[in-house]
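[1] Take this sequence and fold it.
(2 chains)
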Amino acid sequence: MKIASFNINGIKARVGALTDWLKEAEPDVAILQEIKSMDENFPREIFEDMGYNVETHGQKSFNGVALLSKLPLEDVTRGLAGAEGNGRDGGDDEEARYIEATVVGDKGAIRICGLYLPNGNPVDLDSTGQPVPGSKYDYKLKWFDRLTARAQELLAEEQPFLMAGDYNLIPQPEDAKRPEAWKDDALFRLESRTKFRRLTALGLYDALRLRNSAPETFTFWDYQAGAFQKNDGIRIDHFLLSPQAADLLTDCQIDAHVRAKDKPSDHVPIWVDLDL
DNA sequence: ATGGTAGTCCAACTA
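    Residues are numbered from 1 along each chain as shown, chains lettered A, B, ... in the order given. Got it, this is the predicted structure:
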């Protein structure tokens, strides 16, 4: 079973690039981020005509996640528990960033968690260096805590699951062409990386690093300053696998060539193949 | 320090 994640940066602008890649890559499941569309405006028929079931969790203009699957999407849930009602998440995930569903393959089921973790910039700190409550950076760090809580719940079930998407997080210096340029950025600051490390330390596996130790392996290149041509990128789109899912992993790849096509997203797809 | 690009949807925000 081939499961892919792709931050498409706007479905309206990406219908062509997305359908081209789907035809070429033929994933069984595609986890999408930044659809930037309300549910009723998502062009679901285009993907249904390609044989995909479609579940969206959208909002107007910003964020928004979706699942496309050739197999039925069961027990779909939208939003991540634990919102605080701090005005930014409205107490119930005002920002559409999370969706879950179960897919059943020939050899068993897997719970698929699709996420678009907050960017977190600008980093807003008080005089003691603590993130300002209610700031974007604070929201990012708290969102990590909520995701970690959900991972703990799922790990207790001891079943295959994965959490995939745009984590807006550079795990290590080798995951950026120019790590020094990111040292004070919410994508690389120590508080953010500590949260990511705490999540993986529960016992989740970074699928790419189970299969690939090649240098300069990135999933995002800024549109500006010819970043892709210089391979001035970062690795921020990740598949984290539960132990039971990691046991099924047969491959993990990044489709970097997609970034060189017409009207590309600034992210490229990353996918895993599981023996399911 | 600014502006460089892109998407959404026409003002400004997000990345």
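[2] give me every residue that touches whatever residue of the stretch 1-150 of chain A ends up closest to DNA strand B.
    Nearest to DNA strand B, among the residues of the stretch 1-150 of chain A, is A:Gly10, at 2.3 Å (Cβ to the nearest atom of the strand). C-beta: built from backbone N, CA, C; applies to glycine. Counting by Cβ atoms under 8 Å, 6 or more residues apart in numbering, A:Gly10 makes contact with A:Glu34, A:Ile35, A:Lys36, A:Ser37.
[3] Confirm A:Leu32 sits in a helix?
    No. Secondary structure assignment (DSSP: H, G, I helix; E, B strand; the rest coil) places A:Leu32 in strand, not in a helix.
[4] what's the nearest residue to A:Thr14 if we skip its chain neighbours?
    You called it Thr, but residue A:14 is Arg. Once flanking residues are discounted, A:Arg14 sits nearest to A:Ile8: 4.3 Å by Cβ to Cβ, 6 or more residues apart in numbering.
[5] try A:Pro243
    If the residues on either side of it in the chain are set aside, A:Pro243 comes closest to A:Gly203, at 5.8 Å by Cβ to Cβ, 6+ apart.
[6] From A:Thr148, how far out is the one you found?
    From A:Gly203 across to A:Thr148, the span is 12 Å (Cβ to Cβ, to the nearest Å).
[7] Between these two, which is the more surrounded one?
    Set A:Gly203 next to A:Thr148 and count neighbours by other Cβ atoms under 10 Å: A:Thr148 wins out with 18 against 14.
[8] what sits against that one?
    Neighbours of A:Thr148 in contact, by Cβ under 8 Å, 6+ apart: A:Lys195, A:Arg198, A:Leu199, A:Leu202.
[9] A:Leu210 too?
    By Cβ under 8 Å, 6+ apart, the contact list for A:Leu210 reads A:Leu241, A:Ala246, A:Leu249, A:Cys252.
[10] give me the element it is part of.
    Assigned by DSSP states H and E, A:Leu210 belongs to helix A:207-211.
[11] Quick check: buried residues in that helix?
    For helix A:207-211, a neighbour-count test (16 or more other Cβ atoms under 10 Å) marks A:Ala207, A:Leu208, A:Arg209 as buried.
[12] For that helix, list the C-alpha coordinates in PDB.
    The C-alpha coordinates for helix A:207-211 follow below in PDB (Å, rounded to 0.1, in the frame of the first residue of the first chain):
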ATOM      1  CA  ALA A 207      10.200   6.600   7.800                       C
ATOM      2  CA  LEU A 208      12.700   8.500   5.600                       C
ATOM      3  CA  ARG A 209      15.500   7.900   8.000                       C
ATOM      4  CA  LEU A 210      14.700   4.200   8.200                       C
ATOM      5  CA  ARG A 211      15.400   4.000   4.400                       C
END
